[in-house]
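Undergrad: sharing a model prediction with you, sequence too.
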Amino acid sequence: MTESGLYAAVDLGSNSFHMIVARLDNGQLRVIDRIKDMVRLGGGLGRDGQLDPETRERALASLSRFGQRLAGIPDQQIRAVGTQTFRRLRNPAAFLVVAETALGCPIDIVSGREEARLVYLGVSQGMPAPKGRRLVIDIGGGSTELVIGASATEPAQAESFGHGCVAVTRSAFPDGRITPERWQRASRMIAAELQGHAEIFRRFGWDEAVGSSGTIKAVASMLATLQPDLRPGVHRGALADLCERMLKAGHVDNIDIAGVSERRKPVIAGGLLVLDTVMETLAIEHLQVSEFALREGLLHDLLGRLEDRDPRDNTVQAMVKRYQVDIEQANRIADWTRTALDQVAEDWRLGPAHADMLFWISQLHEIGLAIAHDNDHLHTGYILEHADMPGFGRQEQQVLATLARLQRQRIQPELLNKLPPRLHDSVRRLLALLRIGLAMGRARSDRIMIDFGLSADNDTLRLALPSGWLQAHPLTRQDLEVEQLQLARLDISLALEALDQSPLA
């Protein structure tokens, strides 16, 4: 049975896996189910970027449980993301194949700054709109995100650092021993990395500071039991006393402080160290604590995508302006490719998400010209793969980058093989539509928008044009003949016909 009114967000963190399921009720999302598994994915990641077998099996078992709950929810109403540990996997595609099978939906690996944006959005869902500027600190298992803004939804500055409760506990206290020397050495290292960005944040300024996720909530809980008369949250002075208690414990196995769960004790020392260093470096005296975090941000971001409030559209338009794209040409290509996709969507099983991807690459395919005309398609691909693109996951950026690199010249099918297998068919078909559109629009004229017909029979495309049109446009005819040869490298056959269905000689 399809649960058409439900939406789900899955946050695959380095310490815990979280899932929330919500129902859309009078325009608002109301959470009806939460599942959390402390998988400690980051703890099982070796220096070689591989997961140890025990952690891998624990992760897949958790994903299978999540998958059972997700069954019946429409695919477009689910979004799952992987964070720091997924970013550090040596061969993420191999793990994603089995992980996505267990979960039953795609997993998108997000960048650190995109993670920070989603955290900021999540925190905003559980608090009134900021009266001034809000600083949000999120300490996860593998990374710490700092993000600041004056808007309830759009941050002004975001950074991510590879220091989380699991990662720092492993690196600072590898055998479990907690000593002042180890504590100070790790704190100095984190502070040094924070310092340059801290100055930027201090110049921007903030009126309130908020912490989110398990580490900060656990620290606030410990402080509440030790000093119940303090106002809720994390106080810098009280935090110093808690750090002293942690040092006196001497070992992670000896931590005996009320307010922290048994499952979190093995990694709380590293999380506390990070929090203490961040608050010291930024001179934060008090930190409010949010119950909401990345998963809530992910859920609301998903709803925004479905209700035409997609942050990816804003990102694309910002890049169009930044790289001074010829917008008339971009719109010509976007109009042609969208018309083409509409005609083959059913036969080629291309849906709204594919239409969005084709529109975005049509808008952005020439941004590499801002670097150089020679090999501009390769420059475009590099930018799309490595730029910070709010709203986009890494796989989405990889798809755009692949389409950009292969938009002209010789097609290299091996580049498609770097994408997850589930994307191969749709991406090569989007590439075919893009390349034909670019061939039709090479003259950079509105003459591209002639009547045409496009049909698909498996991997055979039939492009029908007005009788005599190609004879009158020899450059376009030559380009389409080149495309016939190149698309064959994708196992796609392109046939040219007149609109009366007679083959063009």
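TA: That came through, no problem. Residues are numbered from 1 along each chain as shown.

Undergrad: contacting residues around Leu6?
TA: Val21, Ala22, Arg23, Ile32, Gly72, Ile73, Gln77 (C-beta atoms under 8 Å, 6 or more residues apart in numbering). C-beta coordinates here come from the backbone N, C-alpha and C atoms, glycine included.

Undergrad: identify the residue spatially nearest to it, adjacent ones excluded.
TA: Excluding its sequence neighbours, the residue lying closest to Leu6 (C-beta to C-beta, 6 or more residues apart in numbering) is Ile73, at 4.9 Å.

Undergrad: and the one you found, that's in a strand?
TA: No - with DSSP: H, G, I helix; E, B strand; the rest coil as the criterion, Ile73 is assigned coil and is not in a strand.

Undergrad: burial measure for it, as a count.
TA: 19 (other C-beta atoms under 10 Å).

Undergrad: how near is it to Val110?
TA: 21 Å (C-beta to C-beta, to the nearest Å).

Undergrad: go on, Arg236?
TA: From Arg236 to Val110 the distance is 31 Å (C-beta to C-beta).

Undergrad: tell me which of these two has more neighbours.
TA: Neighbour tally, Arg236 and Val110, criterion other C-beta under 10 Å: the higher count belongs to Val110, 26 against 14.

Undergrad: ok, now which ones touch the nearest residue to Ile139 once chain neighbours are set aside?
TA: Distance criterion C-beta to C-beta, 6+ apart; nearest residue to Ile139, sequence neighbours excluded, is Thr215 at 4.2 Å. Applying C-beta under 8 Å, 6+ apart to Thr215 gives the contacts Ile139, Gly140, Gly164, Cys165, Arg264, Ile268, Gly271, Leu272, Val274, Leu275.

Undergrad: one more: Met222?
TA: So Met222 contacts Leu242, Ile257, Ala258, Gly259, Val260 (C-beta under 8 Å, 6+ apart).

Undergrad: which SSE is the residue nearest to Ile139 in?
TA: Take DSSP states H and E as the rule and Thr215 turns out to sit in helix 214-226.

Undergrad: distance from that helix to the middle of the chain?
TA: 29 Å (C-alpha atoms, centre = their mean, to the nearest Å).

Undergrad: in its sheet, what does the following helix or strand past that helix sit against?
TA: Per DSSP H and E, the first helix or strand lying C-terminal to helix 214-226 is strand 234-235. Strands adjacent to strand 234-235 in the sheet, as given by DSSP bridges, are strand 286-289 (antiparallel).

Undergrad: any idea how far Leu96 lies from Leu118?
TA: 19 Å.

Undergrad: my error: substitute Ser426 in the last question.
TA: Ser426 is 25 Å from Leu118, by C-beta to C-beta.

Undergrad: which other residues reach the helix of greatest length in the chain?
TA: For the chain, the helix with the greatest residue count under DSSP state H is helix 180-204. The contact list for helix 180-204 (C-beta under 8 Å, 6+ apart) reads 133, 135, 146, 148, 156-157, 159, 161, 163, 168, 171-173, 243, 247, 273-274, 276-278, 280-283.

Undergrad: switch the cut-off to 7 Å
TA: The contact list for helix 180-204 (C-beta atoms under 7 Å, 6 or more residues apart in numbering) reads 133, 135, 146, 148, 156-157, 159, 161, 163, 168, 171-173, 247, 273-274, 277-278, 281-282.

Undergrad: buried subset of these?
TA: Among these, those that count as buried by neighbour count (16 or more other C-beta atoms under 10 Å) are 133, 135, 146, 148, 157, 159, 161, 163, 168, 172-173, 273-274, 277-278, 281-282.

Undergrad: inside helices: which ones of those residues?
TA: Those of those lying in helices (DSSP H): Val168, Ala172, Leu273, Val274, Thr277, Val278, Thr281.

Undergrad: state the pair within the residues you listed that is farthest apart.
TA: Largest separation among those by C-beta to C-beta: Ala172 and Thr281, giving 16.6 Å.

Undergrad: now do the contacts for the spatially closest residue to Val289 that is not a sequence neighbour.
TA: In space, and not counting its chain neighbours, Val289 is closest to Ala220: 4.6 Å by C-beta to C-beta, 6+ apart. Shown in contact with Ala220 (C-beta under 7 Å, 6+ apart): Pro232, Gly233, Val234, Val289.

Undergrad: if I look at Ala220, how far off is Ser212?
TA: Taking C-beta to C-beta, one finds Ala220 at 11 Å from Ser212.

Undergrad: flag the shaky bits of this structure, pLDDT-wise.
TA: The chain contains residues with pLDDT under 70 at 1-3, 447-448, 500-505.

Undergrad: same thing but at 50, please
TA: For the chain, the stretches with pLDDT under 50 are 1, 505.

Undergrad: domain map for this protein?
TA: 6-109, 113-296, 310-445 (automatic domain parsing).

Undergrad: for stretch 15-33, which positions count as buried?
TA: In stretch 15-33, counting by 16+ other C-beta under 10 Å, buried: Asn15, Ser16, Phe17, His18, Met19, Ile20, Val21, Ala22, Leu24, Leu29.

Undergrad: right, I mislabeled it, should have said stretch 233-245
TA: Buried residues in stretch 233-245, counted by 16+ other C-beta under 10 Å: Gly233, Val234, His235, Ala238, Leu239, Leu242, Cys243.

Undergrad: using PDB, write out every CA atom in that stretch.
TA: Listed next in PDB are the C-alpha coordinates belonging to stretch 233-245 (Å, rounded to 0.1, in the frame of the first residue of the first chain):
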ATOM      1  CA  GLY A 233      22.000  25.100  27.500                       C
ATOM      2  CA  VAL A 234      25.800  25.000  27.700                       C
ATOM      3  CA  HIS A 235      27.700  27.600  29.800                       C
ATOM      4  CA  ARG A 236      31.300  28.100  29.100                       C
ATOM      5  CA  GLY A 237      32.300  28.200  32.800                       C
ATOM      6  CA  ALA A 238      30.300  25.100  33.600                       C
ATOM      7  CA  LEU A 239      31.800  23.400  30.600                       C
ATOM      8  CA  ALA A 240      35.300  23.900  32.000                       C
ATOM      9  CA  ASP A 241      34.300  22.100  35.200                       C
ATOM     10  CA  LEU A 242      32.900  19.200  33.100                       C
ATOM     11  CA  CYS A 243      36.200  19.000  31.200                       C
ATOM     12  CA  GLU A 244      38.000  18.600  34.500                       C
ATOM     13  CA  ARG A 245      35.700  15.800  35.500                       C
END
